[in-house]
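Enquirer: predicted coordinates and the sequence they were generated for:
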Amino acid sequence: FVFGAARSGAARTQIGEAAVNLERMLEAKRDERDAKLKVVSMDGKQTIGTLTVTVVALEALSRVKALRTPPTVRGGMAVGGTISVIGKDDSIVVHVNTLQLEPKLMNDRSVENLTIEVQFLDLDEATALKTETLPKGDGKRPLLFGFR
């Protein structure tokens, strides 16, 4: 998850990020439900908020893993490896439930509003799922939006 902010008189910039590790979800054999994620600044030096999310992906990830043909090793190099066709019902569901901002960000009057992007590895920025512009509000707003 990547967080953007519009500051007074400046272009929107990325201010923080949080992550759900899909590989760990697959290893643990469970979806993430109401997971509290620490949102850290882009330099990783400070916490700017807490995001509560639900990610339902285990079924789709398990199917991809089961359908994957591992590469073969020839002459010390991995060759081949494919993933069979994924069905139309295979999906990853992402719900962003709440965002609670730290007081420092809440009190920063130059930050007028926020956006949240859901980015998956290997997808370019143009395919990121993005919220509408969100008012900063009281910093404890239920967001209740999702993607499938």
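Expert: Alright, I've got the coordinates. From a predicted model like this one, the values you see are computed outputs, not experimental measurements.
Enquirer: who does the longest helix seen in the chain touch, helix- and strand-wise?
Expert: The longest helix of the chain (DSSP state H) is helix 58-67. Judged by 3 or more Cβ pairs under 8 Å, 6 or more residues apart in numbering; DSSP states H and E, helix 58-67 is in contact with helix 22-28. Bear in mind the C-beta positions are built from the backbone N, C-alpha and C, glycine included.
Enquirer: that older thread, list the buried residues in the longest helix of the chain.
Expert: Leu58, Ala60, Leu61, Arg63, Val64 (16 or more other Cβ atoms under 10 Å).
Enquirer: grab the nearest non-local neighbour of the third one.
Expert: This means Leu61. Nearest in space to Leu61, with sequence neighbours left out and distances taken as Cβ to Cβ, 6 or more residues apart in numbering, is Leu26 at 4.7 Å.
Enquirer: circling back to that earlier point, tell me the mean pLDDT for the longest helix of the chain?
Expert: For helix 58-67, mean pLDDT is 78.
Enquirer: which non-adjacent residue is nearest Val56?
Expert: Val93 (4.1 Å).
Enquirer: please look at the one you found and Glu59 and confirm they touch.
Expert: No: using Cβ atoms under 8 Å, Val93 is not in contact with Glu59, being 9.9 Å away.
Enquirer: OK, contacts around Val55?
Expert: Val20, Leu22, Met25, Asp31, Glu32, Ala35, Ile92, Val93, Val94, His95 (Cβ atoms under 8 Å, 6 or more residues apart in numbering).
Enquirer: just the ones of the residues you listed in helices?
Expert: Per DSSP H, the subset of the contacts of Val55 in helices is Leu22, Met25.
Enquirer: among the contacts of Val55, which ones are buried?
Expert: Val20, Leu22, Met25, Asp31, Glu32, Ile92, Val94, His95.
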